[in-house]
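**Student:** Here is my input, please return the structure:
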Amino acid sequence: MEEGFYQRHMFICLNHRDNGEQACNNSGLADEMFHLAKKHAKSLGIHGDHQVRVNRCGCLGRCQEGPVAVVYPDAIWYTFVDGDDVREIVESHLRDGVPVDRLRI
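**Tutor:** Numbering: from 1, shown residues only. This is a model prediction of the structure:
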């Protein structure tokens with residue numbers, strides 16, 4: 001049995017709450033950043049079996065910290081504000097294995 005199918009797996013929360021209970025997803029920024037992260041990983045040739053994967057997911061429970069992502073198996077949590085942040089996470093953490101300290105939660 002294989003230990004892990006992916007070297008690293010990034011989950012980006014795309015949950016939307018319509019009940020006004022909590023602010024979620026920074027007005028759609030996470031949707032855009034999910035597509036950018038996946039496309040960037042593919043352009044670097046690192047997205048796929050036995051490499052890395054970028055996935056959308058539901059609520060990660062950290063809504064108050066802005067748009068959030070988590071990278072496993074490292075269990076490192078991130079927030080981001082734009083495409084430059086997301087590209088840096090993909091290149092530094094997903095590709096090179098070096099977490100981006102300035103974006104960590």
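
**Student:** Every contact and neighbour count from this point should use C-alpha atoms.
**Tutor:** Fine.

**Student:** Tell me which helix or strand residue 17 sits in.
**Tutor:** Taking DSSP states H and E as the definition, one finds residue 17 inside no helix or strand.

**Student:** For residue 4, the count of nearby residues, please.
**Tutor:** Residues lying near residue 4 (other CA atoms under 10 Å) number 11.

**Student:** Per-residue pLDDT of the nearest residue to it once chain neighbours are set aside, please?
**Tutor:** Among residues not flanking residue 4 along the chain, residue 50 sits closest, at 7.9 Å (CA to CA, 6 or more residues apart in numbering). Residue 50 is assigned 94 on the pLDDT scale.

**Student:** show me the contacts for residue 50.
**Tutor:** Neighbouring residues of residue 50 by CA atoms under 8 Å, 6 or more residues apart in numbering: 4-7.

**Student:** Of those - the most surrounded one?
**Tutor:** Most neighbours among these, by other CA under 10 Å: residue 7, with 19 neighbours.

**Student:** my guess is that residue meets residue 52, correct?
**Tutor:** Yes - counting by CA atoms under 8 Å, residue 7 sits close enough to residue 52 to count as a contact (5.6 Å).

**Student:** mind showing which ranges of this protein have poor pLDDT?
**Tutor:** For the chain, the stretches flagged by pLDDT under 70 are 1-3, 18-27.

**Student:** quick one, helices of it?
**Tutor:** Secondary structure of the chain by DSSP state H: the helices cover 29-43, 83-88.

**Student:** Nearest to residue 68 among those helices would be which one?
**Tutor:** helix 29-43 (7.8 Å; CA to CA).

**Student:** Great, nothing more from me.
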